[in-house]
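> need the 3D shape of this:
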Amino acid sequence: MRDNKLIAEFMDLKNTGLSIYKVSEYKYHKDWNWLMDVVEKCLKTGDDTHEWDNIMDTIFTCDKDIVYKQVVEFIKQYNDEQNKT
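Predicted coordinates for the structure are as follows:
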């Protein structure tokens, strides 16, 4: 659940209609539609890092769990970089 909360913060759900969901109802870990929206936002950051490349590589596995884990790693690294500035 903690990773879903991390993703929700990255997706800025407070400013979308999806903020009505409780954390326990976030579906990033089990719904491709939710997850692919996150992948799209990750790629749009322009943060062309090793983690960004890993997201691209994992998409081709068609394994939602692997993509989910990679998205979480990307967001953690992205947040660390944003906090440094």
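
> in the protein, what secondary structure element scores lowest on mean pLDDT?
Least confident element among the helices and strands of the chain, by mean pLDDT, DSSP states H and E: helix 50-59 (a mean of 75).

> buried set for stretch 45-63?
Under the neighbour-count criterion of 16 or more other C-beta atoms under 10 Å, stretch 45-63 has 51, 52, 54, 55, 58, 59 buried. C-beta: built from backbone N, CA, C; applies to glycine.

> can you give me the end-to-end distance of that stretch?
23 Å (C-alpha to C-alpha, to the nearest Å).

> residues in contact with it?
Residues from elsewhere that reach stretch 45-63 (C-beta atoms under 8 Å, 6 or more residues apart in numbering): 39, 42, 43, 66, 67, 70, 71, 73, 74, 77, 78, 81.

> restricted to helices, list those residues.
Those of those mapping onto helices are 39, 42, 43, 66, 67, 70, 71, 73, 74, 77, 78, 81, per DSSP state H.

> which residues does the second one contact?
Going back to what we said before, that points to residue 42. 52, 55, 71, 74, 75, 78.
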